[in-house]
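Peer 1: Fold the following and give me the result.
(chains A and B)
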There are 2 protein chains.
Amino acid sequence: MNKQLLFVKRPVGAADASTWELVSNPIPEIEEGQILIKQHYVSLDPAMRGWMNNVKSYIAPMEIGSVMRAGSVGEIIQSKNPKFEVGQYVAGTGGVQQYAVTDGEGYYLVDPKMAPLPTYIGTLGMTGMTAYFGITEVGKIKEGDVVLVSGAAGAVGSVVGQVAKIKGCTVVGIAGGADKCTYVVEELGFDACIDYKNENVATKLKEHCPKGIDVYFDNVGGEILDIALTRLRRHARIVICGAISQYNNKTAIKGPSNYLSLLVNRASMQGMVVFDYADRYREGAMQLGQWMAEGKLKSREAIYEGIENFPETYNRLFSGDKKGKLVLKVIE
Amino acid sequence: MNKQLLFVKRPVGAADASTWELVSNPIPEIEEGQILIKQHYVSLDPAMRGWMNNVKSYIAPMEIGSVMRAGSVGEIIQSKNPKFEVGQYVAGTGGVQQYAVTDGEGYYLVDPKMAPLPTYIGTLGMTGMTAYFGITEVGKIKEGDVVLVSGAAGAVGSVVGQVAKIKGCTVVGIAGGADKCTYVVEELGFDACIDYKNENVATKLKEHCPKGIDVYFDNVGGEILDIALTRLRRHARIVICGAISQYNNKTAIKGPSNYLSLLVNRASMQGMVVFDYADRYREGAMQLGQWMAEGKLKSREAIYEGIENFPETYNRLFSGDKKGKLVLKVIE
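Peer 2: Numbers count the residues shown, from 1 in each chain, chains lettered A, B, ... in the order given. The predicted structure follows:
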């Protein structure tokens, strides 16, 4: 049988257990051109909250009754597609289910001997691509830049900061809690990390970045974006990657009151969606993989188990109760 | 005697008559290297409100007791500077006074035979430069773009829209009142103009720009910026030139709630300050002057008289009670 998590109710505010329904269906028969994947891991991402809203966005909203959309990685166990062989591993958007049937569109081969499977939906997957292209192409970092990263202990932020360090930048993170901040500085090698739950971010930012910041990579929005705006250097770039602090709002999103700092400092704020770099994923993954092999880049996954535990695992994205990339093992 | 308007009180909210004091002082003697200018016209600009605040910005705040800062144009009536001759006309930042003494730094020669003097502090001055470099360099317009301009009947907006039309764009303005909208469409040649005082901006914007907008040139901020954000096309550019709707706020500025549209549409919001293009003013003025000569670009000034009428004239910037560039004649 194929355990599947269906998206059954659009949440208002935070998603809770009533958002999904776990069902069991027979493992489907594949048709000519298709493959059957035994899915090992699914990816949990803050962006999921946006997909649940019935609004026009960079991707179609999820339909009620569909399998919960998610990145995934697994093993091909049947193939009627000449491009794929049984025994190969692939990553794609297989959704929160134990078995996925696909024609292979959007799936790519991964090698479990080169890196653990969860890494292919983390640092070597969309998460890593978001970080890499976001900070290099949108943030346009150059040696000597002062870079601020929110969500610094998170999946994207941790890679952003490490890439910026590799590129010769001074990097300051923002994360929630002393434990995460220690991890960000001592394990990931950021120059400093501000604990937004226990420190005054504005004061600490002034202290750590006395001359201001050249690039702010924003994963959180809200107050922290507003504070970052007060510290921009001339021609600074803000990369808008996400706004997790606002995703569960029941009312309008808080816009950045200090946006006129963009004028004063001739700065820019630019949004990004990783899909735009699809034709360069290979290049990004090669570069990140090389840095991992050289020991310059650390990839960490927070792996939980059991497809039935998806709702509580998902909540860790918003409670912050995890470090690195959040992944769920959905099958034995 | 030299009538001067001194800046004597930092306003909270809107500036009123108590912000300034009109004084009379002897016309100063000039020293070696200086010139004495009989100032004919001074420029009135929304940016003045920002200069009154005691905050770090793109220019130092005005000091209490100083002559009110303003762009100006006038005639040299004495010169002890070999670079300038009596009888020449110059534009610069002479402030709200009838006579200005300067070493000439930041002043440039203008020719009253080529264009009326007020034009040199309007379309051929900082105002025109802001519009020209803002829409071409920051907005990066190209033929076929759909361009939205707020403050469309104003000094900067009217030039922005006309330049965009010359460059082959579809141009929609936003202005306050049917009279201004008629002016913007019939006199300036915009494709359409939305009357934000009497029409639903969101509805009209959808109607006039069914496929969305490529560039939004923002002079006003507030609600209109938020509405524009909902209509961005992919890779759209927002030029942050000003935010007149927010300048007199006594509380925090309203940040754009819809800023995540930048993410969805991979769009950017970039601030600009005209000073950054100082080394290209000559090029900008030549281009705008040529278009004026060819009848492609209309320049309009709203000219008022009497230095003592500065406060009420200044208020027209915010009440919207004028079209085109606001100018005050300060001497007979």
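
Peer 1: Next up, phi/psi of the closest residue in space to residue A:11 that isn't next to it in sequence, please.
Peer 2: Leaving aside its chain neighbours, residue A:11 sits nearest to residue A:19 (5.1 Å; criterion: C-beta to C-beta, 6 or more residues apart in numbering or on different chains). C-beta here means a position set from N, CA and C on the backbone, and glycine is covered the same way. Here is the backbone geometry of residue A:19 (degrees, to the nearest 10): phi -70, psi -30.

Peer 1: Also the one 5 residues further on?
Peer 2: Note on residue A:24: its backbone torsions stand at phi -120, psi 130 [degrees, to the nearest 10].

Peer 1: Quick one: residues contacting it.
Peer 2: Residues near residue A:24 by C-beta atoms under 8 Å, 6 or more residues apart in numbering or on different chains: A:1, A:2, A:3, A:4.

Peer 1: Highest neighbour count among those?
Peer 2: With neighbours taken as other C-beta atoms under 10 Å in any protein chain shown, the top of these is residue A:4, carrying 22 neighbours.

Peer 1: how long is stretch A:303-315 end to end?
Peer 2: 14 Å (C-alpha to C-alpha, to the nearest Å).

Peer 1: Which secondary structure state does residue A:45 sit in?
Peer 2: At residue A:45 the chain is in coil, as set by DSSP: H, G, I helix; E, B strand; the rest coil.

Peer 1: burial measure for it, as a count.
Peer 2: Neighbours of residue A:45 under the rule other C-beta under 10 Å: 23.

Peer 1: same thing with the one 5 residues further on?
Peer 2: When neighbours are counted by other C-beta under 10 Å, residue A:50 registers 20.

Peer 1: What residues does residue A:311 make contact with?
Peer 2: A:15, A:16, A:17, A:19, A:20.

Peer 1: now residue A:317
Peer 2: Counting by C-beta under 8 Å, 6+ apart, residue A:317 touches A:44, A:45, A:46, A:48, A:244, A:326.

Peer 1: tell me, how many neighbours does residue A:116 end up with?
Peer 2: Residue A:116: 16 surrounding residues under other C-beta under 10 Å.

Peer 1: Give me the spatial nearest neighbour of it, chain neighbours excluded.
Peer 2: residue A:301 (7.7 Å).

Peer 1: Equivalent analysis for residue A:93, please.
Peer 2: residue A:71 (5.6 Å).

Peer 1: Next, that neighbour: phi, psi?
Peer 2: According to degrees, to the nearest 10, the main-chain angles of residue A:71 amount to phi -70, psi 150.

Peer 1: give me the number of residues near it?
Peer 2: Neighbours around residue A:71, by other C-beta under 10 Å: 23.

Peer 1: same deal with residue A:166?
Peer 2: 16.

Peer 1: Now it: closest residue in space, sequence neighbours ignored.
Peer 2: Looking at residue A:166 with C-beta to C-beta, 6+ apart, the closest residue is residue A:296, at 5.6 Å.

Peer 1: Distance-wise, check that neighbour relative to chain B.
Peer 2: 29 Å (C-beta to the nearest C-beta, to the nearest Å).

Peer 1: Check that residue and give its pLDDT.
Peer 2: If you check residue A:296, the pLDDT there is 97.

Peer 1: and the closest residue to residue A:273 other than its chain neighbours, what does it touch?
Peer 2: Among residues not flanking residue A:273 along the chain, residue A:58 sits closest, at 4.6 Å (C-beta to C-beta, 6+ apart). Neighbour list for residue A:58: A:273, A:275, B:263, B:264, B:265, B:266 [criterion: C-beta under 8 Å, 6+ apart].

Peer 1: Pairing partners for the closest residue to chain B within the stretch 101-250 of chain A in the sheet, please.
Peer 2: Using C-beta to the nearest C-beta, the single residue of the stretch 101-250 of chain A nearest to chain B is residue A:240, 4.9 Å away. Judged by DSSP bridges, the bridge partners of residue A:240 are residue A:218, residue A:271.
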